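**Student:** Build me a structure from this.
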Amino acid sequence: MKKVIILLVLIQYSTVIIGQEKNDFSLSFNHMALSVNDVNVSAKFYTEILNLEIIPLTTNRNDVKWISMGDGKELHLLSGFKKDVRINKDIHLALSTANFDEFVQKLTKMKIEYSDFPGNLNKINIRPDGVRQVFFQDPDGYWVEVNSINK
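**Tutor:** Predicted structure coming up:
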């Protein structure tokens with residue numbers, strides 16, 4: 001019986017015994033970078049439509065803008081890479097707001113076309129969990145999804 005218990009203990013702690021290490025790190029979202037045609041046009045869109053703020057940079061580069069998304073998260077707009085980028089609705093930036101109706105009214109007032117996921121104009125998508133969402137595009141065609149926060 002002692003041999004069985006010793007064997008079970010050895011099996012349980014085998015990673016320590018044979019020298020394997022457990023990966024003890026976690027990852028968190030830091031930033032998303034988008035290749036854009038004109039950083040100033042894109043920065044204006046993200047600051048005026050989404051109420052995000054520009055992060056001042058200490059470089060003299062005029063082809064880069066960093067935008068704060070809050071909580072240490074950032075959106076980097078880059079116009080130095082002049083290659084075609086394939087864009088579709090599956091590639092999108094998703095944000096949430098507690099003031100969903102106000103946000104949709106702002107899109108309407110600023111004449112920003114929005115749709116549900118299938119693409120029906122001026123329609124709100126409702127997920128199975130009740131979260132409402134709209135989809136629209138930035139000046140470079142990137143999709144932005146804005147969700148309501150379920151209470």
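**Student:** Okay, Met69 and Ala33: tell me how far apart.
**Tutor:** Computed as CB to CB, to the nearest Å, the Met69 to Ala33 distance reads 12 Å. Every C-beta, even on glycine, is put in place using the N, C-alpha and C of the backbone.
**Student:** Same drill for the two, tell me which one is more crowded.
**Tutor:** Met69 (18 against 13; other CB atoms under 10 Å).
**Student:** From Asn60, how far off is the most centrally placed residue in the chain?
**Tutor:** The residue lying closest to the centre of the chain (CA atoms, centre = their mean) is Leu93, at 4.2 Å. Noted for Leu93: a distance of 27 Å to Asn60, by CB to CB.
**Student:** ok, now Glu145?
**Tutor:** Counting by CB to CB, the gap from Glu145 to Asn60 is 34 Å.
**Student:** which one of these two has more residues nearby?
**Tutor:** Remark: of Glu145 and Asn60, Glu145 carries more neighbours, 17 against 5, as counted by other CB under 10 Å.
**Student:** Let me know the helix or strand that the residue nearest to the centre of the chain is in.
**Tutor:** Taking DSSP states H and E as the definition, one finds Leu93 inside strand 92-97.
**Student:** which helices and strands does that strand pack with?
**Tutor:** strand 143-148 (3 or more CB pairs under 8 Å, 6 or more residues apart in numbering; DSSP states H and E).
**Student:** buried sites along the strand it packs on?
**Tutor:** Trp143, Val144, Glu145, Val146, Asn147, Ser148 (16 or more other CB atoms under 10 Å).
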